[in-house]
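Chemist: mind looking at a prediction? Sequence and model below.
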Amino acid sequence: MARASSGLAYPERFYAAAAYVGFDGSPNSNDKDIGSRFSTDVALILYALYQQATVGPCNVPKPSLWNPVEQGKWKSWKQLGNMVSAEAMRLFVKILEEEEPGWYSRASNSVLEPVTDVQMNHNAIVEPIIKNRNSFAETKTISAENGGLIETQDIDVVSEGLGSVVVYDQWTSLPITGQRPKGRYEHAAAVVEDKMYIYGGNHNGRYLSDLHVLDLRSCTWSKIEAKVESKSVETPSPINITPSAGHSLIPWENKLLSIAGHTKDPSETFQVKAFDLQIGTWSMLNTYGKPPVSRGGQSVTLVGTTLVIFGGQDAKQTLLNDLHILDLETLTWDEIDAVGVPPSPRSGHAAAVHAERYLLIFGGGSHATCFNDLHVLDLQTMEWSRPTQQGEIPVPRAGHAGVTVGENWFIVGGGDNKSGASETVVLNMSTLAWSVVTSVEGRVPLASEGLSLVVGSLNGEDILISFGGYNGHYNSEVNVLKPSHKSTLQSKIMEGPLPDSVSAVHNATNPTRDLESEFEVGQEGKIRETAIDNFEPMKSKGGETSEHILAMLKAEKEELESSFNNEKLLSLQLKQELADAEARNTDLYKELQSVRGQLASEQSRCFKLEVDVAELRQKLQTMETLQRELELLQRQKATSEQVAINAKQRQGPGGVWGWLAGSTPQNADDA
């Protein structure tokens, strides 16, 4: 989501930006002016995107070698390949707004239109207030429940830090001390023991690798000067911890795991970095199996002792919808081929896990479209489904952030190609019903893209904490929200009807109740039908005495009671059979779980055996080498002994002939 200072839609907004840069073909602008305003790289990419958007893919012949400028322009245009015109337009405006955020206010053809939210390739852009060519910070105002604005300073502060949050379901800007991190988006955040860690991100098109920590008790920032662990004792050269953006940060044991992410020089395989919170060092985790391709914008969800990775965008800007699992105990990768219809390829989506079994995927975007669909993956059967959503379904968005509190999944920020997402929404994962918690107004980080969202704690209550984001400038503010009690949220979302999928699950788990209701309706219908049948004969027999009528009614009543008792007995028998079936189902499920556990143990044991076999093969190769060396030494020894025997045999006759020749035995021995 990009917040623009113009209500112009595409392609008009692109042409306005092109005219501002100087690509409108007017005689007052030329390439020299463009090159003087921007760096060489930026000028070349702007030229290439303009040509791609207006002309199409590069099909012109390569310029001659004597003109390096035209060669550079041709090469930059050629590298865009078959990029569609709409995508080239959005990238053109995005790069211009990163280089000159106030371009529209300074454009000669400025249009006086209301400020609207516009999405540029899922990157939040908010036009800062420009006065005398200087940027000023936004007024820190947060909307109340009635849509009005509340100044942060007007909130009654009980104590400093998170204690200042005294209202529910409203965002509040948190007063912070210490060394504030540089503004950024597409970073990653995690909370460990009342501390929020921020790592990496994107600032002005540059990837970051710094690590900061916010003490949630004192609300104080500090920067961690992390060390880098060497590869091994034999090779003391340090590993390369490259700056990244679009990654994920997962707490695991005493470490923070940085998963994937875009880098300047991307590797071909998925990288997992680990920061040891105790000794303060970065290291690379060595994983086994086939890792996924490198990517950014994916979702990483911790389920038990495994990480579930879905989707993202690789280094070639190819959108993905593959599914991988990393076992954190064995560090082994496993690619999952789930059944059903998976979500379409996307990045910038959000994911959550419910009941340690169901993986939920919401929103995200492709190169030209944003989504608001909801998909569910059953992690036991590995089957995708797309259930019916209820309540106030959020607008399509990408680049949003989400966290879970109990059964509630909170979604903040993001946007689509036309407007920013100003609502903070919540999904009850049991009923699949949406509701709006609050809305923000004005140009605030909460309506931007690429922000982070984590859950902290204050006096036993959960607190949502948001940091950063991009809305025309790179934010570094911290905003907090105290969600209302779960019962309140439940009452809001239960006002609407239950979705079909939830009703089906409810019916499956409560078959006895459904059988009783059907039985009661059936009996009531039968009784009413009998009463009507008996009513007409009574009207035709008006002369009969009342005693006779009462006797008939009594007989009919006894018959009905007998029939009802039989039906009730049959119902009890069906209930018993159903209970037996449920018990068998439970036993079978336990047995299945046991078999799965045994299978997992056997897989782990097989993996260890494979490692042992590899070691034994290596030892066997070493033994074979030693055996060959021993045989060689034995042959050399035998040869030496044979040479000695031959020499001794030659020395015997030589002594006799020497004696005959008159030489002394001493001389013979010397010889």
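Modeler: Arrived safely, thanks for sending.

Chemist: could you pull out the strands for the stretch 151-300 of the chain?
Modeler: Listed in chain order, the strands found in the stretch 151-300 of the chain under DSSP state E, counting those that start in this stretch are 171-173, 177-178, 188-191, 195-203, 206-215, 220-224, 227-228, 248-252, 255-259, 272-276, 281-284, 295-296, 299-303.

Chemist: elements contacting the second one?
Modeler: Which is strand 177-178. Applying 3 or more CB pairs under 8 Å, 6 or more residues apart in numbering; DSSP states H and E, one finds that strand 177-178 contacts strand 220-224. No exception for glycine: its C-beta is placed from N, CA and C like everyone else's.

Chemist: for the fourth one, same thing?
Modeler: In this structure, strand 195-203 packs against strand 188-191, strand 206-215, strand 255-259, strand 452-458, strand 461-467, with contacts taken as 3+ CB pairs under 8 Å, 6+ apart.

Chemist: for the ones you listed, give me JSON lines that also has mean pLDDT and distance to Gly365.
Modeler: Formatted as JSON lines, the helices and strands packed on strand 195-203 follow (pLDDT from 0 to 100; distance: least, CB to CB, whole Å):
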{"stretch": "strand 188-191", "mean pLDDT": "98", "distance to Gly365": "19"}
{"stretch": "strand 206-215", "mean pLDDT": "95", "distance to Gly365": "21"}
{"stretch": "strand 255-259", "mean pLDDT": "96", "distance to Gly365": "20"}
{"stretch": "strand 452-458", "mean pLDDT": "92", "distance to Gly365": "18"}
{"stretch": "strand 461-467", "mean pLDDT": "94", "distance to Gly365": "20"}
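
Chemist: out of the ones you listed, the one nearest Thr242 is which?
Modeler: Nearest to Thr242, of all the helices and strands packed on strand 195-203, is strand 206-215, at 6.9 Å by CB to CB.

Chemist: buried ones in the closest one, by neighbour count?
Modeler: Buried positions in strand 206-215, judged by neighbour count with 16 or more other CB atoms under 10 Å: Tyr207, Leu208, Ser209, Asp210, Leu211, His212, Val213, Leu214.

Chemist: quick check: the farthest pair among the residues you listed?
Modeler: Across these, the longest distance by CB to CB is 21.2 Å; it joins Tyr207 and Leu214.

Chemist: what pairs with Gln390 across the strands?
Modeler: Here Gln390 sits in beta bridges with Ala433, as judged by DSSP bridges.

Chemist: quick check, pLDDT for it.
Modeler: Looking at Gln390, its pLDDT stands at 95.

Chemist: run a quick neighbour tally on it.
Modeler: A count of nearby residues for Gln390, using other CB atoms under 10 Å, gives 23.

Chemist: how about Gln576?
Modeler: Close neighbours of Gln576, defined as other CB under 10 Å, add up to 10.

Chemist: now it: how far from Val455?
Modeler: For Gln576, the distance to Val455 equals 46 Å [CB to CB, to the nearest Å].

Chemist: can you check Ser209 too?
Modeler: Distance from Ser209 to Val455, by CB to CB: 25 Å.

Chemist: same thing with Leu578?
Modeler: As judged by CB to CB, Leu578 and Val455 stand 41 Å apart.

Chemist: who does the longest helix belonging to the chain touch, helix- and strand-wise?
Modeler: The residue-count maximum for a helix in the chain (DSSP state H) belongs to helix 546-660. Packing partners of helix 546-660 (3+ CB pairs under 8 Å, 6+ apart): helix 511-540, helix 665-670.

Chemist: lowest mean pLDDT across the ones you listed, which one is that?
Modeler: When these are compared by mean pLDDT, helix 511-540 comes last with a mean of 37.

Chemist: and stretch 191-207, what's buried?
Modeler: By 16+ other CB under 10 Å, the buried positions in stretch 191-207 come out as Val191, Met196, Tyr197, Ile198, Tyr199, Gly200, Gly201, Asn202, His203, Tyr207.

Chemist: so what pLDDT did Asp587 get?
Modeler: pLDDT, Asp587: 86.

Chemist: can you pull out the low-pLDDT segments for the protein?
Modeler: Flagging of the chain using pLDDT under 70 yields the residue ranges 1-9, 24-33, 35-36, 102, 104-161, 163-164, 230-240, 417, 485-546, 651-671.

Chemist: could you list the domains of it?
Modeler: The record, using the TED database to delimit domains, assigns the chain the ranges 11-104, 170-229+242-482, 580-623.

Chemist: kindly reformat the ones you listed as TSV containing distance to Leu572.
Modeler: Output for the domains of the chain, formatted as TSV (distance: least, CB to CB, whole Å):
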stretch	distance to Leu572
domain 11-104	66
domain 170-229+242-482	31
domain 580-623	13
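
Chemist: Val213 against Tyr197, yeah?
Modeler: Yes. Taking contacts as CB atoms under 8 Å, Val213 lies within contact range of Tyr197: 5.3 Å.

Chemist: how much space between the one residue sitting closest to the centre of the chain and Gly363?
Modeler: Centroid-nearest residue in the chain, with CA atoms, centre = their mean: Ser299, separated by 1.3 Å. Remark: distance between Ser299 and Gly363 (CB to CB) = 10 Å.

Chemist: overlap in contacts, those two.
Modeler: His349, Ala350 (CB atoms under 8 Å, 6 or more residues apart in numbering).

Chemist: which strands or helices does the helix or strand Ile309 falls within pack on?
Modeler: In this assignment (DSSP states H and E), Ile309 forms part of strand 306-314. For strand 306-314, the packing partners by 3+ CB pairs under 8 Å, 6+ apart come out as strand 255-259, strand 295-296, strand 299-303, strand 319-327, strand 350-354, strand 358-362.

Chemist: deepest of these, which one?
Modeler: Highest mean neighbour count among these (mean count of other CB atoms under 10 Å): strand 295-296, with a mean of 24.

Chemist: if you count contacts, what does it end up packed against?
Modeler: Other elements packing on strand 295-296 under the criterion 3+ CB pairs under 8 Å, 6+ apart are strand 306-314.

Chemist: if I pick Pro57, what's in contact with it?
Modeler: Shown in contact with Pro57 (CB under 8 Å, 6+ apart): Leu80, Gly81, Asn82, Met83.

Chemist: quick check: nearest residue in space to the third one, chain neighbours excluded?
Modeler: This means Asn82. Nearest non-adjacent residue to Asn82, counting by CB to CB, 6 or more residues apart in numbering: Pro57, 5.4 Å away.

Chemist: ramachandran angles for that neighbour?
Modeler: Dihedral pair for Pro57: phi -60, psi 150, per degrees, to the nearest 10.

Chemist: and it, how far from Glu229?
Modeler: Here Pro57 is placed at a distance of 46 Å from Glu229 (CB to CB).

Chemist: before we move on, back to that, could the helices and strands packed on strand 306-314 go into a markdown table alongside distance to Trp171?
Modeler: Shown next, in a markdown table, are those (distance: least, CB to CB, whole Å):
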| stretch | distance to Trp171 |
| --- | --- |
| strand 255-259 | 26 |
| strand 295-296 | 27 |
| strand 299-303 | 24 |
| strand 319-327 | 31 |
| strand 350-354 | 18 |
| strand 358-362 | 20 |
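
Chemist: nearest to Ala18, out of those strands?
Modeler: Ala18 lies closest, by CB to CB, to one member of these: strand 319-327, at 27.0 Å.

Chemist: quick one: Gly348 and Gln298 touch, right?
Modeler: No. Gly348 lies out of contact with Gln298 (CB under 8 Å); the separation is 9.4 Å.
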